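J.: model the structure of this input:
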Amino acid sequence: MSEAMRAAVSLYNDPRFFSEAEVRIRNNKLRRQRIFRRQVFLLGLASALFIFVFILFASSIMADAQSDEFRPSFKYYRTVTVHANDTLWDIASQNYPDEEYSSIREYMSEICKVNSISDASDLKAGESLIVPYYSTEFK
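T.: Okay, here's the model as predicted:
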C-alpha cells in the first residue's frame, strides 16, 4: 500500500484497506463499546428498579400510618323488636350510623340481607330484627 493510499484510508477510515490486525483491533473496540453500553443500560435499569421498589415500599409504609386521634370502630349486632306500624325505614333511621354507610338505603339493604328479608314492607309487629351497629369499645 502506498503512502497516499494509507493517508486516504486514515482519512476515510475504510475497513476494506485495513490489515487483519487493524480489523481485529477495530472489532475488539466495537465489542468493548457494545459491552460498555449494555453495562450502562443494565446499571440504569437496576437503579430505576431499585428506586421504584423503594418508592413502593415507602408509600406502603405511609399508607399504613394512622393519626394519633384514630379510634377503630367495631361492628356488632343487636336485636330490635318491631312494634305496630313500624317500617324498615323507621327502624333503620333510628339506628343508622352516619360514618359507616354512604346512605340509609345501603344500611337498609344490609339489614334485609342479615335478616333474609325479601320484601321490606312485610314486617309484622312483635317480630325481631338483627340490626348492625358500630362502637369504638371492643367487647
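J.: tell me where the chain has strands.
T.: Using DSSP state E, the strands of the chain run over residues 74-81, 128-135.
J.: pick the most buried one from those.
T.: Each of those was assessed for mean neighbour count using mean count of other C-beta atoms under 10 Å. The highest is strand 128-135, with a mean of 14. The C-beta positions use only the backbone N, C-alpha and C, and glycine is treated the same way.
J.: that one - contacts with which helices or strands?
T.: Under the contact definition 3 or more C-beta pairs under 8 Å, 6 or more residues apart in numbering; DSSP states H and E, strand 128-135 sits against strand 74-81, helix 88-95, helix 104-115.
J.: tilt between it and helix 104-115?
T.: Here the directions of strand 128-135 and helix 104-115 differ by 120 degrees (axes from the mean of the first three to the mean of the last three C-alpha atoms, to 10 degrees).
J.: pLDDT on strand 128-135, on average?
T.: Over the span of strand 128-135, the pLDDT mean works out to 92.
J.: closest to Met62 out of the helices and strands packed on strand 128-135?
T.: Across these, Met62 has its closest neighbour in strand 74-81 (25.3 Å, C-beta to C-beta).
J.: list the strands paired with the closest one, with their directions.
T.: Strand 74-81 sits in its sheet next to strand 128-135 (antiparallel), going by DSSP bridges.
J.: send the alpha carbons of the strand it pairs with over as PDB?
T.: Below are the C-alpha coordinates for strand 128-135, written out as PDB (Å, rounded to 0.1, in the frame of the first residue of the first chain):
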ATOM      1  CA  SER A 128     -87.300  -9.400  66.000                       C
ATOM      2  CA  LEU A 129     -84.800  -7.900  63.600                       C
ATOM      3  CA  ILE A 130     -81.000  -8.100  63.800                       C
ATOM      4  CA  VAL A 131     -79.500  -4.700  63.300                       C
ATOM      5  CA  PRO A 132     -75.800  -3.800  62.900                       C
ATOM      6  CA  TYR A 133     -74.300  -1.000  64.900                       C
ATOM      7  CA  TYR A 134     -70.800   0.200  65.500                       C
ATOM      8  CA  SER A 135     -68.900   1.100  68.700                       C
END
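J.: contacting residues around that strand?
T.: Applying C-beta atoms under 8 Å, 6 or more residues apart in numbering, the external contacts of strand 128-135 come out as 73-82, 91-92, 95, 97, 99-100, 107, 110-111, 114-115, 123.
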